[in-house]
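Novice: below: sequence and its predicted model.
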Amino acid sequence: MHLDIDFVRQQFPAFSQPTLKDQAFFENAGGSYACQQVIDRLHRFYTQRKVQPYSSYEASRLGGEEMDDAQLRLAAILGVETDEVSFGPSTTQNTYVLANAFANWLKDGDSIIVTNQDHEANTGPWRRLADRGITVLEWRLNKDTGHLDINDLQKLLDDRVKLVCFPHCSNVVGEINDVSKIVGLIHSSGAFACVDGVSYAPHGLPNVGKIGADIYMFSSYKTYGPHQGIMVVRKALGETLPNQGHYFNAKYLSKRFTPAGPDHAQIAACAGIADYIDTLHQHHGGSSSASATERGEFVHDLMRAHETQIMPPLLEWASNKNSVRLLGPDKAGLRAPTIALDIKQDPKDVTNKLAQKGIMAGSGDFYAVRALEAHDIDTSKGVLRLSFVHYTNREEIEKLVDALDCFV
């Protein structure tokens, strides 16, 4: 089954906007276009439901139902219980709240493990636990390949390690880590696993229940939705950690780690992500009897297949260019289409030139300073990053490669 790219692009209003005409978007790792289904729900909430939700009058009741619908349907797609999903202002904020919960739960002599492959949002808050007397160990990437070797993790694990935090894939290395295998090792040592899914989820929402992570976090504004952080905390862990919300909400798992008041409209709009997944499932002939989790897996596979089919020309160009260093694997099946290039030129100058050719790209450190430092890359200069998702087409890849040939 091939992704109907024309149908997909019809679901995103950005592709029909005059201001974006002939512009190829290659900074999706910083945030994706919003799909029509999300936009419709957000507009409806602000125009028809913008009241305090969960009261008995109709506008309030409907607003609350739409918020609940988002939680219910996303949890089903992710393969977890409804109350194991919660929403926060951002993934960074969600991580800080969880780190504070762990700080109050961990004991003297306990350890946690973080990586230097990760975005700072899923390493910085955990590293700060060192200020609270917790030993913080680092699972380090290979400076030549960017790879996280599971054997190196095994050497760090012992009965003092209570938590391991690592990315599903890095936002500069791009390699897709074997989450199920890593989580299995972590659990066998008696520790919990926290997975940063921010850079992976835009390429298909994972079945979190199947991969076994105790915590899985991603950002809805990178999965075609509004600016929210979505967090899965499995019940066995969530009910063990100390409550971070109002004391009277401690009995509600989905409120234990969201002390800030929720953004009602944006939570309701997140149901549009589920609408979009269902739309793609139906259009591409998915089974009418499929469960929400199965629909999610079906669409995940469609997205990944399309991305891996159109990625090779860009990877081949980067691999064959002597003046370019590609971070991460050069095989499309091993990575997400978040492609960071260490180049001789100033990456910012190159993005400016690409913009003149109708290519929207990014440059800098992308808050992955530790990962770039581990590759001996000058972080004041950073890298050129070219990132796309399933709504990118082959013509845009060709346009990008042609433009890169002019400037790199």
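Specialist: Nice, thanks for sending it over.

Novice: make it CA atoms for all contacts and neighbour counts henceforth
Specialist: OK.

Novice: need the strands for the stretch 51-200 of the chain, in chain order.
Specialist: In the stretch 51-200 of the chain, strands defined by DSSP state E, counting those that start in this stretch lie at 85-88, 111-115, 135-139, 161-167, 192-196, listed in chain order.

Novice: what mean pLDDT does the third one have?
Specialist: For strand 135-139, the per-residue pLDDT values average out at 98.

Novice: residues touching Lys210, list them.
Specialist: With contact set as Cα atoms under 8 Å, 6 or more residues apart in numbering, Lys210 has these partners: 79, 180.

Novice: A strand includes Ile339, no?
Specialist: Yes - counting by DSSP: H, G, I helix; E, B strand; the rest coil, one finds Ile339 located in a strand.

Novice: want to throw the strands of the stretch 51-200 of the chain into CSV with mean neighbour count and distance to Ala271?
Specialist: Written out in CSV, the entries for the strands of the stretch 51-200 of the chain read as follows (neighbours: other Cα atoms under 10 Å; distance: least, Cα to Cα, whole Å):
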stretch, mean neighbour count, distance to Ala271
strand 85-88, 26, 12
strand 111-115, 23, 32
strand 135-139, 19, 36
strand 161-167, 24, 25
strand 192-196, 23, 21
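
Novice: how about those strands, which one is nearest Ala269?
Specialist: Taking Cα to Cα as the criterion, Ala269 comes closest to strand 85-88 out of the strands of the stretch 51-200 of the chain, the separation being 11.8 Å.

Novice: my read: Ile277 touches Arg295, true?
Specialist: Yes - under the contact definition of Cα atoms under 8 Å, Ile277 touches Arg295, with a separation of 7.3 Å.

Novice: one step back: out of the strands of the stretch 51-200 of the chain, nearest to Tyr54?
Specialist: Between Tyr54 and the strands of the stretch 51-200 of the chain, the tightest spacing by Cα to Cα is seen for strand 85-88, at 16.8 Å.

Novice: distance from the chain centre to that closest one, please.
Specialist: The chain centroid and the centroid of strand 85-88 are separated by 14 Å, computed with Cα atoms, centre = their mean, to the nearest Å.

Novice: again, but for stretch 236-256
Specialist: Mean-position distance between stretch 236-256 and its chain equals 24 Å (Cα atoms, centre = their mean).

Novice: domain-wise, how is this structure divided?
Specialist: According to automatic domain parsing, the chain is divided into the following domains: 5-33+307-407, 43-273.

Novice: what about the last one, start to end distance?
Specialist: Right, the one you point to is domain 43-273. This stretch, domain 43-273, spans 15 Å end to end (Cα to Cα, to the nearest Å).

Novice: then the first one?
Specialist: With Cα to Cα as the measure, the ends of domain 5-33+307-407 fall 29 Å from one another.

Novice: report the rounded mean pLDDT for that domain.
Specialist: Predicted confidence along domain 5-33+307-407 averages 97 (mean pLDDT).

Novice: need the strands for the stretch 251-400 of the chain, in chain order.
Specialist: Listed in chain order, the strands of the stretch 251-400 of the chain (DSSP E, counting those that start in this stretch) span residues 324-326, 338-343, 359-360, 362-364, 383-387.

Novice: between the ones you listed, which gets nearest to Gly31?
Specialist: Comparison of these against Gly31 by Cα to Cα identifies strand 383-387 as nearest, at 10.0 Å.

Novice: which outside residues touch that closest one?
Specialist: 26-29, 172, 337-343, 347-348, 350-351, 361-365.

Novice: what do you get for stretch 120-136?
Specialist: By Cα under 8 Å, 6+ apart, the residues outside stretch 120-136 that reach it are 91-92, 95-96, 99, 103, 106-116, 165-167, 196, 367-370.

Novice: how close does the nearest residue to Glu81 once chain neighbours are set aside get to Gly229?
Specialist: In this structure, Glu81 finds its nearest non-sequential neighbour in Ala75, 6.0 Å apart by Cα to Cα, 6 or more residues apart in numbering. With distances taken as Cα to Cα, Ala75 is found 14 Å from Gly229.

Novice: next: Val38.
Specialist: Val38 sits 15 Å away from Gly229 when distances are taken as Cα to Cα.

Novice: confirm Leu237 sits in a helix?
Specialist: Yes - according to three-state DSSP, the state of Leu237 is that of a helix.

Novice: and it, what does it touch?
Specialist: Under the criterion of Cα under 8 Å, 6+ apart, the neighbours of Leu237 are 192, 214.

Novice: surely Asn249 meets Lys255?
Specialist: Yes - at 6.2 Å, Asn249 counts as touching Lys255 under the criterion of Cα under 8 Å.

Novice: neighbour count winner among those two?
Specialist: Counted by other Cα atoms under 10 Å, Asn249 and Lys255 do not tie: Lys255 has more neighbours, with 24 against 15.

Novice: the more buried one and Asp110, how far apart?
Specialist: Summarising the geometry, the distance separating Lys255 from Asp110, computed by Cα to Cα, is 27 Å.

Novice: count the neighbours of Glu396 for me.
Specialist: By other Cα under 10 Å, the residues close to Glu396 number 19.

Novice: please name the nearest non-neighbouring residue to it.
Specialist: In space, and not counting its chain neighbours, Glu396 is closest to Ala24: 5.9 Å by Cα to Cα, 6+ apart.

Novice: was I right to think that neighbour contacts Ala355?
Specialist: No - no contact is recorded between Ala24 and Ala355 when judged using Cα under 8 Å, the distance being 9.3 Å.

Novice: counting neighbours, go ahead and name the busier of those two.
Specialist: When Ala24 and Ala355 are compared on other Cα under 10 Å, the one with more neighbours turns out to be Ala24, at 22 against 15.
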